[in-house]
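J.: Here's a sequence, model it:
(one chain, ligands or ions: 1)
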Amino acid sequence: MIEKRKNEHIEICLSKDVNAVRNYWDDMELVHRALPEVDFDDIDLSTELFGVKMNAPIIISGMTGGTPLGRRINENLAIAAEKLGIGMGVGSQRAGLESPEMFDTYSVVKERRIPLLIGNIGAPQLINQKKRRGITDKEIERLFIMIDADILAVHLNYLQEAVQPEGELMAEGVMGAISTLSRRFPVIVKETGAGISRSVAIKLKRAGVMGIDVGGLGGTSFSAVEYYRALEHGDERKANLGKLFWNWGIPTPASVIEASVGLPVIASGGIRNGLDVAKALVLGASAGGIARRILKPATESSDAVVIEIERIIDELKVAMFLLGARNVHSLRNSRFVVHGVLRDWFEQMEV
Ligand SMILES: Cc1cc2nc3c(=O)[nH]c(=O)nc-3n(C[C@H](O)[C@H](O)[C@H](O)COP(=O)(O)O)c2cc1C
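T.: Numbers count the residues shown, from 1 in each chain. The predicted structure is shown next:
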């Protein structure tokens, strides 16, 4: 059942346009610095996140596992992450817990020396649902062991749960479960396309999480993905919901600012190139997270993934040069201009 759903998600993400209608990084411009006063070759992209050093502030966002195709994708992503010295997440490891034969579709990443390896489990799994009990501490330990994870991302995906035919909609008590979990394990919390607001970020900080991946609106829309799934399953009611909530959420750039509450922030959601990564860093993110842009190359080969991400790194370096930023940290002093819908968000934010 999970395997079928996972394959459908990947297949739909590869074949259909599931982007949010607007990519909000286009509503932000960086102000050119005509005198960079730094040599291009001296620009340093390395960064430290959660105590580990990465060669560039880029993370391959968690996407998959739990199917043979997922295994191949994870392997190609892991080889690329090792080669480039960047971070990587796997997709929800629930299938690896429930079906031991799926274990290696995740654990394949263990064979690589990846600076930052991020495990993944859905927030709904932390508590009892109508047909299933919540995950135990022993099982959480198994998630870490499965991939030798440095940190576990608990993903929030209530938009997707609400619009998908088999969604799990019990949500009360999740914050308490995250708090309990964070006392025992290194945890970050990650949205999956609808963003994180200031008030939620503050609660997460109090709960003791180590970082926040905003997973904002502007890139892959899981409401869109579920719209296509519902159509294929002939579920008109859910298809209607998926269509209506296609563009629901907090734009990623606005969410980066809202979620900046003194913890490292990862900006994922609609990052397409190195310029988008630069914009995220200017707003205060510690790294940019990229998912769907590298999904197709990941189905092909590790080299295809390396080529895509090297291009993104090149673009980021040129942006840093044109902003006169010698390193990732100094990017934060760069000026920017906001327009369009994003400007309205910036003016009415919860900060
Ligand atoms: C095929 C696919 C599967 C995904 N599965 C997961 C998942 O299991 N867990 C998770 O936290 N996020 C998952 N995501 C969300 C991504 O990690 C990311 O937050 C989101 O897609 C926004 O990034 P993008 O616009 O670059 O695609 C998935 C994304 C894609 C495209």
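
J.: helices or strands up against the helix or strand residue 143 falls within?
T.: For residue 143, the host element (DSSP states H and E) is helix 137-147. In this structure, helix 137-147 packs against helix 94-98, helix 104-107, strand 117-122, strand 151-156, helix 174-184, with contacts taken as 3 or more C-beta pairs under 8 Å, 6 or more residues apart in numbering; DSSP states H and E. Placement of C-beta: from N, CA and C, glycine included.

J.: can you do 6 Å?
T.: Under the contact criterion of 3 or more C-beta pairs under 6 Å, 6 or more residues apart in numbering; DSSP states H and E, helix 137-147 touches helix 104-107, strand 117-122.

J.: tell me the angle it makes with strand 117-122.
T.: 140 degrees (axes from the mean of the first three to the mean of the last three C-alpha atoms, to 10 degrees).

J.: Nearest spatial neighbour of residue 222, chain-adjacent residues omitted?
T.: Distance criterion C-beta to C-beta, 6 or more residues apart in numbering; nearest residue to residue 222, sequence neighbours excluded, is residue 160 at 4.0 Å.

J.: close to the ligand, is the lengthiest helix in the chain?
T.: Assignment by DSSP state H gives helix 302-322 as the longest helix of the chain. No: Helix 302-322 does not reach the ligand (C-beta under 6 Å from any ligand atom); its nearest approach is 11.2 Å.

J.: ok, how many other residues are close to the residue nearest to residue 222?
T.: Residue 160: 22 surrounding residues under other C-beta atoms under 10 Å.

J.: Give me the phi and psi for it.
T.: Backbone torsions for residue 160, taken as degrees, to the nearest 10, come to phi -60, psi -40.

J.: my guess is it contacts residue 224, does it?
T.: No: with contact defined as C-beta atoms under 6 Å, residue 160 does not reach residue 224; the gap is 10.3 Å.

J.: Regarding the residue lying closest to residue 125 once chain neighbours are set aside, what is its secondary structure?
T.: Distance criterion C-beta to C-beta, 6+ apart; nearest residue to residue 125, sequence neighbours excluded, is residue 135 at 5.0 Å. Look at residue 135: counting by DSSP: H, G, I helix; E, B strand; the rest coil, its state is coil.

J.: Any stretches of the stretch 251-351 of the chain with poor pLDDT?
T.: For the stretch 251-351 of the chain, applying pLDDT under 70 flags no range at all.

J.: which stretches of it form strands?
T.: For the stretch 251-351 of the chain, applying DSSP state E, counting those that start in this stretch gives strands covering 265-268, 287-290, 336-338.

J.: Now tabulate the ones you listed in a markdown table and tack on distance to residue 68.
T.: Listed next are those as a markdown table, based on distance: least, C-beta to C-beta, whole Å:
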| stretch | distance to residue 68 |
| --- | --- |
| strand 265-268 | 26 |
| strand 287-290 | 23 |
| strand 336-338 | 44 |
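
J.: just these: most buried one?
T.: strand 265-268 (a mean of 29; mean count of other C-beta atoms under 10 Å).

J.: Other residues contacting that strand?
T.: By C-beta atoms under 6 Å, 6 or more residues apart in numbering, the list of residues contacting strand 265-268 from outside reads 59, 61, 212-215, 252, 256, 259, 280, 285, 287-289.

J.: hmm, that strand touching the ligand?
T.: Yes: using C-beta under 6 Å from any ligand atom, strand 265-268 reaches the ligand at residue 268.

J.: what's the offset of that strand from the middle of its chain?
T.: 7 Å (C-alpha atoms, centre = their mean, to the nearest Å).

J.: Partner strands of that strand, with direction?
T.: Paired with strand 265-268 in the same sheet, following DSSP bridges, are strand 211-213 (parallel), strand 287-290 (parallel).

J.: follow-up on the earlier one: enumerate the positions of the longest helix of the chain that are buried.
T.: Going by neighbour count (16 or more other C-beta atoms under 10 Å), the buried part of helix 302-322 is 302, 304-306, 308-309, 312-313, 315-317, 319-322.

J.: cool, and stretch 105-118?
T.: Neighbour-count burial for stretch 105-118 flags 105-110, 112, 114-118 (criterion: 16+ other C-beta under 10 Å).

J.: How about the chain: which residue is closest to the ligand?
T.: With C-beta to the nearest ligand atom as the measure, residue 219 is the residue of the chain nearest to the ligand, at 2.0 Å.

J.: got a list of what the closest residue to that residue other than its chain neighbours touches?
T.: In this structure, residue 219 finds its nearest non-sequential neighbour in residue 270, 3.2 Å apart by C-beta to C-beta, 6+ apart. In this structure, residue 270 makes contact with 23, 218-219, 252, judged by C-beta under 6 Å, 6+ apart.

J.: Give me the buried entries from the residues you listed.
T.: Here, 16+ other C-beta under 10 Å leaves 23, 218-219, 252 buried among the contacts of residue 270.

J.: Now do the helix or strand bottoming out on mean pLDDT in the chain: distance to the chain's middle.
T.: Across the helices and strands of the chain, the lowest-confidence element by mean pLDDT, DSSP states H and E is helix 2-15, at a mean of 90. For helix 2-15, the distance from its own C-alpha centre to the chain's C-alpha centre is 17 Å (C-alpha atoms, centre = their mean).
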